[in-house]
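1. Using only what follows, build the 3D model:
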Amino acid sequence: MMQHRSISGRLAYTSRKAGMEGKPRGHETFLFTHHADGKVTMRAHCEIEEPEPTVMRDIIYGMDQHRQPMDLHVRLTVGDEFMGTGWLRFDGETIECESYSPTKGRRSEKVVAELPMVGFGTHPIVSDGFMLGSMEWEEGQYRLLNCYLPSPDHRGASPPEIAQIKIGAKFLGREEVTVAAGTFAARHFQFLDDGTSGMDGEHPTYDVWITDDDDAIFLKGGVGGYMMTWYELVELER
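-> Presented below is the predicted three-dimensional model:
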């Protein structure tokens, strides 16, 4: 009998732009494997259809029993053309990246990580929620999260590299949430970026609701500003 526990599901991406309210703009499928030794493997497939150019991303992200990053594999297609592939590894002190892209060729990077760090920002929506759920929070608490990404682009649509960001996050409180996949006890957070995070420009406020348990499953969320996007859990299997 298998000793691990699996959680899988699907998120719908829709638009909230004027004249496009509720229009599908992509989707995300995910699978979390919770291993017997406490480690976690996250797999996610993301497709962003709007706005152009389209983005397709495949992620495999390994975390240790403390939810700290171990390794990250990413393959990226933009405009339905190959954009790059890469592998990142964290050994507790340093981060290394091996990547290839048509625009930048073969690259090898290694940096000493600024600690503490909350994890790798991998760009799938479920990963955003899981990162927030890996910490203890008090209602109203604000934190500046130190993390490393394979792309500082808001959509993650650039060749894999080591990019450090420091982005704000706030825990707004607990509430009951109903989405297409069901009704859940939830925690409500916001990501906040005034343009100094290290991302490619200021990121509009990003609201996130996750399950109020250790699984920290993304339930719903949205980004305002120029993005006007909405994400919702439409399928879930535990």
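
2. contacting residues for Gly224?
-> Taking Cβ atoms under 8 Å, 6 or more residues apart in numbering, we find Gly224 in contact with 204-205. From N, CA and C alone the C-beta is placed, and that goes for glycine too.

3. Check Met20 too.
-> The neighbours of Met20, taking Cβ under 8 Å, 6+ apart as the test, are Glu50.

4. Looks to me like it is in a helix.
-> No - with DSSP: H, G, I helix; E, B strand; the rest coil as the criterion, Met20 is coil rather than part of a helix.

5. oh, and call the first residue 51 from now on, that's how I've got it
-> I'll keep to 51 as the first residue from here, and by that count the last item is Met70.

6. Got phi/psi on it?
-> Torsion angles at Met70 (phi, psi; degrees, to the nearest 10) stand at phi -130, psi 10.

7. So it versus Gly275, what's the distance?
-> For Met70, the distance to Gly275 equals 15 Å [Cβ to Cβ, to the nearest Å].

8. any idea how far the host helix or strand of Leu195 is from the chain center?
-> For Leu195, the enclosing helix or strand under DSSP states H and E is strand 192-199. For strand 192-199, the separation from the chain centroid amounts to 12 Å (computed by Cα atoms, centre = their mean, to the nearest Å).

9. what comes into contact with that strand?
-> Strand 192-199 is contacted by residues 119, 138, 140, 145, 163-173, 181, 185, 206, 212-220, 242 when judged by Cβ under 8 Å, 6+ apart.

10. Let me have that strand in CSV, keeping just the CA atoms, if that works.
-> Included here for strand 192-199 are C-alpha records, laid out as CSV according to Å, rounded to 0.1, in the frame of the first residue of the first chain:
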residue,chain,number,x,y,z
TYR,A,192,1.9,41.8,7.8
ARG,A,193,5.1,40.1,6.6
LEU,A,194,7.7,40.9,4.0
LEU,A,195,8.3,37.6,2.3
ASN,A,196,11.8,36.8,1.0
CYS,A,197,11.7,34.3,-1.8
TYR,A,198,13.5,33.3,-5.0
LEU,A,199,11.8,32.9,-8.4
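
11. in that strand, what counts as buried?
-> By neighbour count on 16 or more other Cβ atoms under 10 Å, the buried set for strand 192-199 is 195-199.

12. coming back round to it: would you mind listing which of the contacts of strand 192-199 are buried?
-> Under a neighbour-count criterion of 16+ other Cβ under 10 Å, the subset of the contacts of strand 192-199 counted as buried comprises 119, 138, 140, 145, 163, 167-173, 181, 206, 212-215, 217-220, 242.
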